[in-house]
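S.K.: sharing a model that was predicted from the sequence below.
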Amino acid sequence: MASEPTSDLVAEVRDHYARAATLGARVADRCCGETTTASGCCEDTTASGCCGGSVDAGEGFGLGLYDLTARDALPQAAAATSLGCGVPTEVADLHPGEVVLDLGSGGGIDVLLSARRVGPTGWAYGLDMTLEMLELARRNAAEASVDNVTFIEGRIEDIPLEDATVDVIISNCVINLSLDKPAVMREMARVLRPGGRLGISDVVAADHLAPEQRAARGSHVGCIAGALSFTEYRALLAAAGFEAVEVVPTHAVAEDLFAAIVRARTPSRDGGGQSPAETSSP
Ligand SMILES: C[S@@+](CC[C@H](N)C(=O)[O-])C[C@H]1O[C@@H](n2cnc3c(N)ncnc32)[C@H](O)[C@@H]1O
């Protein structure tokens, strides 16, 4: 198990996302709640609008990546704090009855969408280390009347769930923020059942980009500086025991940095592994 982090960078990540959670809740409360006033709406936030506004997640990130049907089904504050770089629920092909775990669940957008997909016989867990995000996510679940969800406090490097208890792990723009990515990969392999799968969106760097070049293109808390390269991502997943690893770019988020879809499986119980899928890197 990973030790408790003491790094300033971890504290910086937590503070950054605590502020985003507070802002997202304010966008919802002040702009769409009973306290709305014509003059004061959102003026002291960086939100992009009033009702329907959201925390400014940056170009290539956030709510705009979701289709309108998904957006309409969400509470305002969940939509307002969408800070991901993809739509992992589209990647993971969820089925009724499955147990899903969202690493770094933020305001809960992907947990709520997953809960609807897995239905009353399934369950969706959200894991996050930022208390303000957990509070917001629980409020959003209550507002959406979704009750097959649990939001857990913890770190993705030390997942507080038993071995082999999860069918699918999703995550949206979080693994790049970790300071111990090998631990995250090992923990994902541990909690997944045999034959379990990953459906992740994350920021990934072109293979030729050195770590200092990644850092020059954006901050760590902004999901750029900590990005793995395509080759590093595949190697860490393989080292943790994953099979059929795919890391496929979807859109650019900075020069030579991409939002990407990450898919992989744990070996099935009968040991009948699949051959690695075709992978692509820019
Ligand atoms: C970029 S936001 C993404 C939130 C959400 N997945 C989404 O799509 O809106 C990153 C989230 O991951 C959480 N986080 C970052 N590092 C973490 C870690 N090591 N363990 C647990 N949560 C973490 C932050 O608190 C924040 O809520």
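M.R.: In hand now; what should we look at? Numbering: from 1, shown residues only.

S.K.: so residue 150 sits against residue 127, correct?
M.R.: No. Residue 150 is beyond contact range of residue 127, at 9.4 Å (criterion: CB atoms under 8 Å). For glycine as for every other residue, the C-beta is placed from the backbone atoms N, C-alpha and C.

S.K.: so for the two, which sits in the more crowded spot?
M.R.: residue 127 (25 against 14; other CB atoms under 10 Å).

S.K.: who's in contact with that one?
M.R.: 101, 102, 103, 104, 105, 151, 152, 153, 154, 156, 159, 160 (CB atoms under 8 Å, 6 or more residues apart in numbering).

S.K.: quick one, what contacts the last one?
M.R.: Going back to what we said before, that points to residue 160. 127, 152, 154.

S.K.: for the third one, same thing?
M.R.: Residues counted as contacts of residue 103 (CB under 8 Å, 6+ apart) are 127, 156, 159, 169, 170, 171, 174, 175, 184, 188.

S.K.: top of these by neighbour count?
M.R.: Within the contacts of residue 103, neighbour counts (other CB under 10 Å) peak at residue 170, which reaches 30 neighbours.

S.K.: distance of that residue relative to residue 218?
M.R.: Distance of residue 170 to residue 218, computed by CB to CB, to the nearest Å: 23 Å.

S.K.: which residues of the stretch 151-282 of the chain lie near the ligand?
M.R.: 155, 156, 157, 172, 173, 174, 177, 178, 223 (CB under 6 Å from any ligand atom).

S.K.: any chance of a markdown table for the residues you listed, columns pLDDT and secondary structure?
M.R.: What follows is those, written out as a markdown table (pLDDT from 0 to 100; DSSP: H, G, I helix; E, B strand; the rest coil):
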| residue | pLDDT | secondary structure |
| --- | --- | --- |
| 155 | 98 | strand |
| 156 | 98 | coil |
| 157 | 98 | coil |
| 172 | 96 | strand |
| 173 | 96 | coil |
| 174 | 98 | coil |
| 177 | 97 | helix |
| 178 | 98 | coil |
| 223 | 95 | coil |
